[in-house]
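K.L.:
model the structure of this input:
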Amino acid sequence: MHNDTRQAGPVPQNSTRRGSDLFSWTVFPIALFGSVALSIFMIGDGRSIESATVAGLLFGYGIVIIGERVYPYVPDWNRNHADVATDAAWAGTTIVSGALLRPAVTIVGGGIGASLSTRLGSSPWPNDWPLVAQLCLALIVIEFFQYWLHRFEHETDWLWRFHATHHSAPRLYWLNAARFHVVDISLLNIGFIVPLVALGAEPAVFALWVVTATIHGICQHANMQIRCGPLNWIFSMAELHRWHHSPLVQESNTNYGQNLILWDIVFGTRFLPTDHEPPKDVGIPDLPGFPMTWGAQLLSPWQWDRVKSASTPSVGPK
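P.N.:
Take a look at the predicted model:
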């Protein structure tokens, strides 16, 4: 009897490279379009909007969380940088604040919508369009409001105090897509809810926008190898957004799009150089004293002088 004592050798590098390339080019379309398609299918199949939303989100989250471990963009970013608890706390804050804010904002949007319908004679929203077409329209409309809010947050000192929390992240990975000060995320939610309610969009459109924005957001911040090619002219994806988290102001004050890069193209703030890679050091270098715990970040906009003072080196006696 012959015993084969040969052992399997290492996986050829070209095979590993092919797997990495295949992953980087397909992970974003699969995560985003797969999540949205699943939600649309379930809605069309008569499932509740809530269950369709949850299913779409779980599908996308699963792909991204696993993808970060298999093909990380920066391996060191998979290590806990003493930031997970803070990011998780902000994620919980985002969920709670959104639930509390939505009823009041819906009333405001409904009042605007009633006035529009009276003036126009009917709801201006094309509810007879296919859901995919309505979702595309919602993305374009909402993106306009959120683009300008995001841009003002970078260009206005008072608003930057709230948005700085998001840029304080010491690395980029899926969970810090939720690292937003409660005032910051509330303003973004107002820019999402009011236009859709005022224009008369139905709940299914809201749900699909939430799935799209959430999965796009975690892909945008994901520590995964992602290549988008022509899609970088449509979506504000990771290759663009990593520049937005650059420690250099001239690089970070670009690519303001939350989901689409459309308005950055229109207003000249799209930035994607081809001669070098995005920086792997992120954060706010001119605010080294910015707090890193949830409670301190929550209070930081109202203690801004203290934050700036903590970031200024003390000068001792000569």
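K.L.:
pLDDT (mean, whole number) over the longest helix seen in the chain?
P.N.:
Counting residues, the longest helix in the chain under DSSP state H turns out to be helix 84-120. In this model, helix 84-120 carries a mean pLDDT of 91.
K.L.:
now for it, which elements pack on it?
P.N.:
The criterion is 3 or more CB pairs under 8 Å, 6 or more residues apart in numbering; DSSP states H and E, and the helices and strands that helix 84-120 contacts are helix 182-199, helix 294-299. From N, CA and C alone the C-beta is placed, and that goes for glycine too.
K.L.:
buried residues in that helix, which are they?
P.N.:
Along helix 84-120, these residues count as buried under the neighbour rule (16 or more other CB atoms under 10 Å): 86-87, 89-91, 93-94, 97-98, 101-102, 105-106, 109, 113, 116-117.
K.L.:
which residues make contact with stretch 203-214 from outside it?
P.N.:
When contacts are defined by CB atoms under 8 Å, 6 or more residues apart in numbering, stretch 203-214 is touched by residues 32, 35-36, 39-40, 43, 49-50, 52-53, 56-57, 60, 131, 134-135, 138-139, 142, 192-193, 196, 258-259.
K.L.:
list only buried entries from the residues you listed.
P.N.:
When neighbours are counted using 16+ other CB under 10 Å, those contain these buried positions: 32, 35-36, 39-40, 43, 49, 52-53, 56-57, 60, 131, 134-135, 138-139, 142, 192-193, 196, 258-259.
K.L.:
ok now do residue 178, which residues does it touch?
P.N.:
When contacts are taken as CB under 8 Å, 6+ apart, residue 178 is in contact with 87, 90-91, 94, 217.
K.L.:
and if you look at residue 253?
P.N.:
Counting by CB under 8 Å, 6+ apart, residue 253 makes contact with 154-155, 269.
K.L.:
so which of the contacts of stretch 203-214 are in strands?
P.N.:
Taking DSSP state E, every one of those sits outside strands.
K.L.:
hang on, the earlier thing: tell me how far the longest helix of the chain is from the chain's mean position?
P.N.:
From the chain centre to the centre of helix 84-120 is a distance of 17 Å (CA atoms, centre = their mean, to the nearest Å).
K.L.:
got it, and stretch 296-306?
P.N.:
Its chain's average C-alpha position is 24 Å from that of stretch 296-306, according to CA atoms, centre = their mean.
K.L.:
and the pLDDT at the most centrally placed residue in the chain?
P.N.:
Most central in the chain under CA atoms, centre = their mean is residue 217, positioned 2.4 Å from the mean C-alpha point. Among the per-residue scores, residue 217 shows a pLDDT of 98.
K.L.:
all set, thanks.
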